[in-house]
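Trainee: model this:
(4 chains)
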Number of protein chains: 2
Amino acid sequence: MDPVPVTSAEQTRRALVHAALRLFGTKGFDGTSTRDIAAAAKANIGSIAYHFGGKEGLRAACAAFIVETIQSIASQAMPPAARGPLDRAAAIAQLNAAIERMAAFVIAQPAAGEIVQFVLRELAHPTAALDMIYDGVFEPMHRRLCGLWAEATGDDPESEDTKIAVFTMIGQVIYFRIGREAVLRRMGWKEFGAQEVTAVTSAVKDNLAAILAARKEPGR
Amino acid sequence: MDPVPVTSAEQTRRALVHAALRLFGTKGFDGTSTRDIAAAAKANIGSIAYHFGGKEGLRAACAAFIVETIQSIASQAMPPAARGPLDRAAAIAQLNAAIERMAAFVIAQPAAGEIVQFVLRELAHPTAALDMIYDGVFEPMHRRLCGLWAEATGDDPESEDTKIAVFTMIGQVIYFRIGREAVLRRMGWKEFGAQEVTAVTSAVKDNLAAILAARKEPGR
DNA sequence: GTCTATAAACAGATAGAC
DNA sequence: GTCTATCTGTTTATAGAC
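Mentor: Down below sits the predicted model:
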């Protein structure tokens, strides 16, 4: 919306949001002090009140940043051109691609980790920040996946069955982030590198193929 | 282990653990003050230090309580008598039963909610409490499910594929607790009552059937 | 806009009366 | 064992110098 002002003030704002997102995601909102945030952002404590009105305002700014970031990624991966009607095979291909993208983003450990953790904490204890993220990211993404699912199965895109089925697919991926620590221990893995993410991704894609195949069976 | 002493001291201990578990699960460890815990347990602040050495000791006591509780439930649902070798059909039946039990325990909202939330927070930010829960609950449960999965598919019970597959089944269930808030909004539900849990459970069981069917196909 | 100093509230831990 | 009073450190928010 803004013409991207890269003033010194804007740099401070960005540094604060970035530091806050990382610390909120890592140690939780309550577990993070504004002093730590200011120190990590190389800013002073007073700047938080000045720019965001307080700690709570900084949380809202983090939520806005997340919505912005994910929408940007999503619009790259799914350009408006691809929004037209699809045939069954294309829908299945896009569902598989969505699983791959989601797994890469959610499970792999780079900068995305702090975003996922932040969102998970909001889901566990909703604040106004969750409203922004739900409306801006969650609902549109789930709705789109339901559309693909409907195309692949012939079901109603907004039926209860479709919506739940899509959630079970998302859950398979998300769990490897939630239960990351337990999974690593049980698998004997040290981290979620490329190899581990591939193993998980192909398992979920196999499951998807099996579930779609079963839904087709009764009609043959 | 103990002959269950129900002294006044033991009552205080239990009240403190119960209150702490609920508050830690709801507001997080850092977000909960020892004063709130003492007030909720109708005990005084000093009793926490007296009985548990401090806030950290209370967290450990919560973890021990969780392990105890879940092991008790698990041993009821799966008595030692049923531990013998199983045929394929019996293994599949037990996998379905496990999904039902897990969904009922994890998704439905009663007292179990605070346990699940506590564990999820530990998974997100592991402490010594997670070690207890992993060793006492998580690892044995996953290992058992892997055994059932192996019996149902013919795979190796400790292979990477088996372990990941079991995680994807668990993930489908757990997600409805993690993403509870988002799911409720998207589904237009007001709560997870019996009807909603049934809808989720049957979706996951359908998925299980489809996945097992697909694994059988190549061998026919 | 940035930074420092300080205020006012609150945290966990502890000493000691009962 | 229980409970109160208090110590020490830390929190967020704010006022004001620069």
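
Trainee: the helices in chain A, which residues?
Mentor: Residue ranges of the helices in chain A, as given by DSSP state H, are A:8-27, A:34-40, A:46-52, A:55-77, A:88-106, A:112-124, A:128-133, A:139-153, A:160-178, A:180-187, A:194-216.

Trainee: between those helices, which gets nearest to B:Ala60?
Mentor: Comparison of those against B:Ala60 by Cβ to Cβ identifies helix A:180-187 as nearest, at 17.4 Å. C-beta here means a position set from N, CA and C on the backbone, and glycine is covered the same way.

Trainee: tell me where the model's unsure across chain A.
Mentor: Across chain A, the ranges flagged by pLDDT under 70 are A:1-7, A:81-84, A:109, A:217-220.

Trainee: try it again with 90
Mentor: Across chain A, the ranges flagged by pLDDT under 90 are A:1-10, A:73-86, A:108-113, A:117, A:124, A:215-220.

Trainee: check it for the residue nearest DNA strand C and tell me.
Mentor: Across chain A, no residue is closer to DNA strand C than A:Gly46, which sits at 3.0 Å (Cβ to the nearest atom of the strand).

Trainee: so which bits of stretch A:78-91 are buried?
Mentor: If you call a residue buried by 16 or more other Cβ atoms under 10 Å in any protein chain shown, then stretch A:78-91 has these buried ones: A:Met78, A:Leu86, A:Ala91.

Trainee: likewise for stretch A:104-118?
Mentor: For stretch A:104-118, by 16+ other Cβ under 10 Å, it's A:Ala104, A:Phe105, A:Val106, A:Ile107, A:Ala108, A:Ala112, A:Gly113, A:Glu114, A:Ile115, A:Val116, A:Gln117, A:Phe118.

Trainee: cool, stretch A:122-132 as well?
Mentor: By 16+ other Cβ under 10 Å, the buried positions in stretch A:122-132 come out as A:Glu122, A:Leu123, A:Ala124, A:His125, A:Pro126, A:Ala129, A:Leu130, A:Met132.

Trainee: identify the farthest-apart pair in these.
Mentor: Farthest pair in the buried residues of stretch A:122-132, by Cβ to Cβ: A:Ala124 and A:Met132, 16.4 Å.

Trainee: in CSV: the buried residues of stretch A:104-118, plus distance to chain B.
Mentor: Shown next, in CSV, are the buried residues of stretch A:104-118 (distance: Cβ to the nearest Cβ, whole Å):
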residue, distance to chain B
A:Ala104, 16
A:Phe105, 16
A:Val106, 11
A:Ile107, 11
A:Ala108, 16
A:Ala112, 15
A:Gly113, 11
A:Glu114, 12
A:Ile115, 14
A:Val116, 10
A:Gln117, 7
A:Phe118, 11
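
Trainee: residues in contact with the residue sitting nearest the centre point of chain A?
Mentor: For chain A, the residue nearest the mean C-alpha position is A:Val116 (5.6 Å; Cα atoms, centre = their mean). A:Val116 is in contact with A:Gly25, A:Phe105, A:Val106, A:Arg177, counting by Cβ atoms under 8 Å, 6 or more residues apart in numbering or on different chains.

Trainee: and the gap between it and A:Val137?
Mentor: 12 Å (Cβ to Cβ, to the nearest Å).

Trainee: get me the contact residues on chain A for DNA strand D.
Mentor: By Cβ under 7 Å from any atom of the strand, the residues of chain A that approach DNA strand D are A:Thr32, A:Ser33, A:Thr34, A:Arg35, A:Asp36, A:Ile45, A:Gly46, A:Ile48, A:Ala49, A:Gly54, A:Lys55, A:Glu56.

Trainee: including neighbour count, could those go into TSV?
Mentor: Formatted as TSV, the residues of chain A next to DNA strand D follow (neighbours: other Cβ atoms under 10 Å in any protein chain shown):
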residue	neighbour count
A:Thr32	22
A:Ser33	13
A:Thr34	19
A:Arg35	11
A:Asp36	14
A:Ile45	13
A:Gly46	10
A:Ile48	22
A:Ala49	13
A:Gly54	11
A:Lys55	17
A:Glu56	13
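
Trainee: near DNA strand C, which residues of chain A?
Mentor: Chain A comes close to DNA strand C at residues A:Thr7, A:Ser8, A:Ala9, A:Gln11, A:Thr12, A:Ala43, A:Asn44, A:Ile45, A:Gly46, A:Ser47, A:Tyr50, A:His51, as judged by Cβ under 7 Å from any atom of the strand.
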